[in-house]
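Trainee: Prediction below, plus the sequence it came from.
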Amino acid sequence: MWALADVPFYVHLLNTFVLLLGLFLILVVLIQRGKGGGLAGAFGGAGGYSPFGSRAGDAFTRFTLIVAAIWALAIMVEVKLVQRVGASQTILKRE
């Protein structure tokens with residue numbers, strides 16, 4: 001069984017980054033106005049009114065895709081790092 005101290009600090013730092021980026025991604029998705037009005041309309045916004053301009057939907061969509069891609073890439077890097085740490089821990093325990 002792994003102990004918390006067996007995992008390098010940068011893995012914990014990357015894990016924190018992934019969690020914070022995931023929360024930020026959730027907030028960005030909730031801000032967007034979907035076809036049905038979304039959560040953004042629940043805060044008193046009019047049906048066709050956009051506080052960020054008429055092209056804000058395209059900008060938010062593009063921004064959301066970029067943040068999601070960074071989040072997915074960070075998770076892939078974290079999985080590889082944890083696998084490497086796990087393999088080195090297994091080798092050390094066998095010796």
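Mentor: Yep, that arrived. This one's a predicted model, so the numbers in the text were calculated from it and none came from an experiment.

Trainee: residue ranges with poor pLDDT in this structure?
Mentor: Within the chain, the set of residues satisfying pLDDT under 70 comprises 1-5, 34-57, 89-95.

Trainee: Show me what the longest helix seen in it is packed up against.
Mentor: In terms of residue count, the longest helix belonging to the chain (DSSP state H) is helix 56-94. Packing contacts for helix 56-94, counted by 3 or more CB pairs under 8 Å, 6 or more residues apart in numbering; DSSP states H and E, involve helix 9-31. For the C-beta atoms, the positions are set from N, CA and C on the backbone; glycine is no exception.

Trainee: in the helix it packs on, what's buried?
Mentor: Judged by neighbour count (16 or more other CB atoms under 10 Å), helix 9-31 contains these buried residues: 14-15, 18, 21, 25, 28, 31.

Trainee: now those in a markdown table, with distance to residue 60?
Mentor: What follows is the buried residues of helix 9-31, written out as a markdown table (distance: CB to CB, whole Å):
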| residue | distance to residue 60 |
| --- | --- |
| 14 | 26 |
| 15 | 27 |
| 18 | 22 |
| 21 | 16 |
| 25 | 12 |
| 28 | 7 |
| 31 | 7 |
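
Trainee: My read is that residue 68 contacts residue 22, right?
Mentor: No. At 9.8 Å, residue 68 does not count as touching residue 22 under the criterion of CB atoms under 8 Å.

Trainee: tilt between the longest helix of the chain and helix 9-31?
Mentor: Between the axes of helix 56-94 and helix 9-31, defined by axes from the mean of the first three to the mean of the last three CA atoms, to 10 degrees, the angle is 160 degrees.

Trainee: Which residue is the nearest non-sequential neighbour of residue 18?
Mentor: By the measure of CB to CB, 6 or more residues apart in numbering, the closest residue to residue 18 outside its immediate chain neighbours is residue 74, 5.0 Å from it.

Trainee: how close does that neighbour sit to residue 33?
Mentor: 27 Å (CB to CB, to the nearest Å).
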